[in-house]
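Chemist: Generate a structure from the sequence data that follows.
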Amino acid sequence: MFKSIELFAGAGGLALGLEQAGFEHIGLVEIDKSAANTLICNRPQWKVLCEDIAITTQGDLEKEFGIKKGELDLLSGGAPCQSFSYAGKRLGLQDVRGTMFYHYATFLEKLQPKMFLFENVRGLLTHDKGKTYQTILNIFEEQGYITFHSILNAWDYGVPQKRERLITVGIRNDLAGRCSFNFPQKHEYRPIMRDVKLDTNPSKDECERYSEYKEKIFALVPAGGYWRNIDPEIAKDYMKTCWFMGGGRTGILRRIGLDEPSLTVLTNPGMKQTDRCHPIEVRPFSYRENARIQTFPDTWVFCGKLSEKYKQVGNAVPVNLAKEIGLEIKKTLEEINNG
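Modeler: Coordinates of the predicted model:
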């Protein structure tokens, strides 16, 4: 089994998908206590470090994780997107000290894994006119890696949700000549909400509730519809200043239909501009329904308050997407081992 370490692990969507693809996690780092407890609760055998990654990177990583430099198969994770300070020069690792990405890159520098997987929001590609991502690629190159990147939509990989992620995969330079890497092929069938098990009247411990006013408004919206499908005066009163904004504002008073995928699962079900109403009942999706949309199994337990559970689910990488990427990385590692 291939060995991996995951940073910014969250509630385990990426880790679980990689496990299903055949990876053994020898360490996971996550600062949020509720998310770390979720990892520990579901996989007591995993070594979970619930601490600031800045502390972790200062230590002896070979000793901490029981692996020598160059032996780790995969480093995975996705650092939060932050701007870097420029002075018209090409930035190196030391120039991005103090950012979350710095710690990811430091793990690469200290452990030199055979491959890495770096996932992030699509917006990273254009963040600061593309300079942020270019700096990241430059630093990956500085650490001795050839990189491949692509925007993948989870809906194409067995996830009933439109969710685009920027996926960057790296192969260590000394191994790159012995292998190839391809991003996963899109599935022929793309699942829709009708494929998701939906709950009937879930408890308040599992599901947020709308205010009485908001519930009345949403009752007017048909499944698959949004604010344009109701009386304009009612919509205007509900939307207030949003009524005068430009753009389609299609996320406002949005009720998901059964014959379409979910929109991107978010961390808070109550935001006016990103409403996601249940197709059958007048309420938000429960955190468990959101977890199913993210392709977590029902056996995966989430720890913490209800708001923390929603946040963990919304921040996760869809399990099925992670598995598909993991299977392709595994093929490359097998080529390396057989080469």
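Chemist: How confident was the prediction at Arg249?
Modeler: If you check Arg249, the pLDDT there is 81.
Chemist: Could I get the average pLDDT for the helix ranked longest in the chain?
Modeler: Ranked by number of residues, the top helix in the chain under DSSP state H is helix 319-338. Here helix 319-338 scores 97 as its mean pLDDT.
Chemist: again, but for stretch 270-284
Modeler: Throughout stretch 270-284, pLDDT has a mean value of 88.
Chemist: Only the buried residues of it, if you could.
Modeler: Gly270, Asp275, Arg276, Cys277, His278, Pro279, Glu281, Val282, Arg283, Pro284 (16 or more other Cβ atoms under 10 Å). Using the backbone N, CA and C atoms, a C-beta is placed for each residue, glycine as well.
Chemist: Could you identify the most distant pair in those?
Modeler: Farthest pair in these (Cβ to Cβ) is Gly270 and Pro279. Separation: 18.0 Å.
Chemist: How far does the longest helix of the chain sit from its chain's centre?
Modeler: Remark: helix 319-338 is offset 18 Å from the chain centroid, using Cα atoms, centre = their mean, to the nearest Å.
Chemist: so where do the helices sit in the stretch 101-250 of the chain?
Modeler: With helices called from DSSP state H, counting those that start in this stretch, the stretch 101-250 of the chain shows them at 131-142, 173-176, 212-218, 232-239.
Chemist: now Lys197, nearest residue through space, not along the chain?
Modeler: Leaving aside its sequence neighbours, Lys197 sits nearest to Arg292 (Cβ to Cβ, 6 or more residues apart in numbering; 5.9 Å).
Chemist: okay if I get the helices of the stretch 101-250 of the chain as CSV plus mean neighbour count?
Modeler: Formatted as CSV, the helices of the stretch 101-250 of the chain follow (neighbours: other Cβ atoms under 10 Å):
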stretch, mean neighbour count
helix 131-142, 18
helix 173-176, 15
helix 212-218, 15
helix 232-239, 14
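Chemist: any chance of those in CSV, plus distance to Leu108?
Modeler: Listed next are the helices of the stretch 101-250 of the chain as CSV, based on distance: least, Cβ to Cβ, whole Å:
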stretch, distance to Leu108
helix 131-142, 7
helix 173-176, 12
helix 212-218, 46
helix 232-239, 46
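Chemist: What about Lys197, how many residues nearby?
Modeler: Counted with other Cβ atoms under 10 Å, the neighbours of Lys197 add up to 8.
Chemist: And for Met1?
Modeler: Neighbour count for Met1, taken as other Cβ under 10 Å: 9.
Chemist: Next, work out how far apart it and Glu334 are.
Modeler: 12 Å (Cβ to Cβ, to the nearest Å).
Chemist: swap in Lys311?
Modeler: Distance check for Lys311 against Glu334: by Cβ to Cβ, it reads 36 Å.
Chemist: hang on, Thr168 packs against Leu125?
Modeler: No - Thr168 lies out of contact with Leu125 (Cβ atoms under 8 Å); the separation is 10.2 Å.
Chemist: which of the two has more neighbours?
Modeler: Using other Cβ under 10 Å as the criterion, Thr168 and Leu125 rank with Thr168 on top: 20 against 14.
Chemist: so what's that one up against?
Modeler: The neighbours of Thr168, taking Cβ atoms under 8 Å, 6 or more residues apart in numbering as the test, are Leu117, Phe118, Glu119, Asn120, Ile136, Leu137, Phe140, Thr147, Phe148, His149.
Chemist: Show me which positions of the host helix or strand of Leu39 end up buried.
Modeler: Counting by DSSP states H and E, the element that carries Leu39 is helix 33-42. Buried residues in helix 33-42, counted by 16+ other Cβ under 10 Å: Ser34, Ala35, Ala36, Asn37, Thr38, Leu39, Ile40, Asn42.
Chemist: hmm, which of the contacts of Thr168 are the buried ones?
Modeler: Buried members of the contacts of Thr168, scored by 16+ other Cβ under 10 Å, are Leu117, Phe118, Glu119, Asn120, Ile136, Phe140, His149.
Chemist: follow-up on the earlier one: could you point out which element follows the helix holding Leu39?
Modeler: strand 48-49.
Chemist: what about Lys311 and Glu334, which has more around it?
Modeler: A direct count of neighbours by other Cβ under 10 Å for Lys311 and Glu334 places Lys311 higher, at 22 against 13.
Chemist: Just to check, the more buried one is in contact with Pro269?
Modeler: No - using Cβ under 8 Å, Lys311 is not in contact with Pro269, being 10.4 Å away.
Chemist: How confident was the prediction at the spatially most distant residue from the centre of the chain?
Modeler: Distance to the chain centre peaks in the chain at Glu233, reaching 38.0 Å (criterion: Cα atoms, centre = their mean). With respect to pLDDT, Glu233 has a value of 93.
Chemist: Begin at 618, not 1, for the rest of this chat.
Modeler: Taking 618 as the first residue, the last one we looked at is Glu850.
Chemist: which residues touch stretch 888-897?
Modeler: 810, 815, 835, 838, 840-841, 856, 859, 866, 868-875, 879-880, 882-883, 886, 900-902, 906.
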